[in-house]
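Q: Next comes the sequence, and after it the predicted model I'd like to discuss.
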Amino acid sequence: ETGVTQSPTHLIKTRGQQVTLRCSSQSGHNTVSWYQQALGQGPQFIFQYYREEENGRGNFPPRFSGLQFPNYSSELNVNALELDDSALYLCASSLAGGNTIYFGEGSWLTVV
Amino acid sequence: QQQVKQSPQSLIVQKGGISIINCAYENTAFDYFPWYQQFPGKGPALLIAIRPDVSEKKEGRFTISFNKSAKQFSLHIMDSQPGDSATYFCAAREDGNKLVFGAGTILRVKS
């Protein structure tokens, strides 16, 4: 049990729609990062939030955006969904500069 | 550009045998190297990790060997068990807590 919880666990959206995924980080962990894991591939870094600000971003377009709240929980928003956005979306939490990064179970997104 | 290269893609080991997974990296700014285990339908679970100033770390049946000069590191699973059958990912940390993952190794332990 990592203490990182994500919701929803599964969802299906139509191309062009918008989706919001949520993450509750482990208690005390002030850094949250999001990853996209396509089927059969390793997770790819989307972005990271620290103290409610984005402080690192991978090669993802601006339609991928996020928020971090004062309690360190976080949201990932994806606009104008495309079929290729179908993947497992993982949230990870850690202490800033800490060595241990814990992942949640993920949210499975299917875009049809 | 794949910053962390992982091999083999898949591995079959007999119960009780040793499973060995290798990773190589290029970016010398990486400062932390974790291994994750992932079962189907689940998120990655941290297995063991090492810093580049350490050459070996052992936790139970799991050992990481790290060769800083060669920019290579490996995971050894001793006495492999059917319950170890999963996908294993090596990773490397850069820029805060951003992890760069390898492509994964599907391990199957035959009983």
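A: Noted; the coordinates are in hand. Residues are numbered from 1 along each chain as shown, chains lettered A, B, ... in the order given.
Q: CA only for contacts and neighbour counts going forward, please
A: Fine.
Q: The nearest residue to B:Glu59 once chain neighbours are set aside in helix, strand or coil?
A: In space, B:Glu59 comes closest to B:Ile48 once its chain neighbours are excluded; the distance is 7.2 Å by Cα to Cα, 6 or more residues apart in numbering or on different chains. Under DSSP: H, G, I helix; E, B strand; the rest coil, B:Ile48 falls in the strand class.
Q: B:Ile48 pairs with what?
A: Note on B:Ile48: beta-bridge partners by DSSP bridges are B:Trp35.
Q: What of B:Phe89?
A: Bridge pairing for B:Phe89 - DSSP bridges - gives B:Tyr36.
Q: and it, what is it in contact with?
A: Contacts for B:Phe89 (Cα atoms under 8 Å, 6 or more residues apart in numbering or on different chains) come out as A:42, B:6, B:35-38, B:101-105.
Q: can I assume A:Leu90 is in contact with A:Ile101?
A: No. Between A:Leu90 and A:Ile101 there is no contact under Cα atoms under 8 Å: 11.9 Å.
Q: So for these two, which residue has more residues nearby?
A: More neighbours surround A:Leu90 than the other of A:Leu90 and A:Ile101, with 30 against 23 (other Cα atoms under 10 Å in any protein chain shown).
Q: Apart from its neighbours in sequence, what residue is nearest the residue of chain B found nearest chain A?
A: Using Cα to the nearest Cα, the closest approach of chain B to chain A is made by B:Gly43 at 4.0 Å. Distances taken as Cα to Cα, 6+ apart place A:Glu105 nearest to B:Gly43, at 4.0 Å, with adjacent residues excluded.
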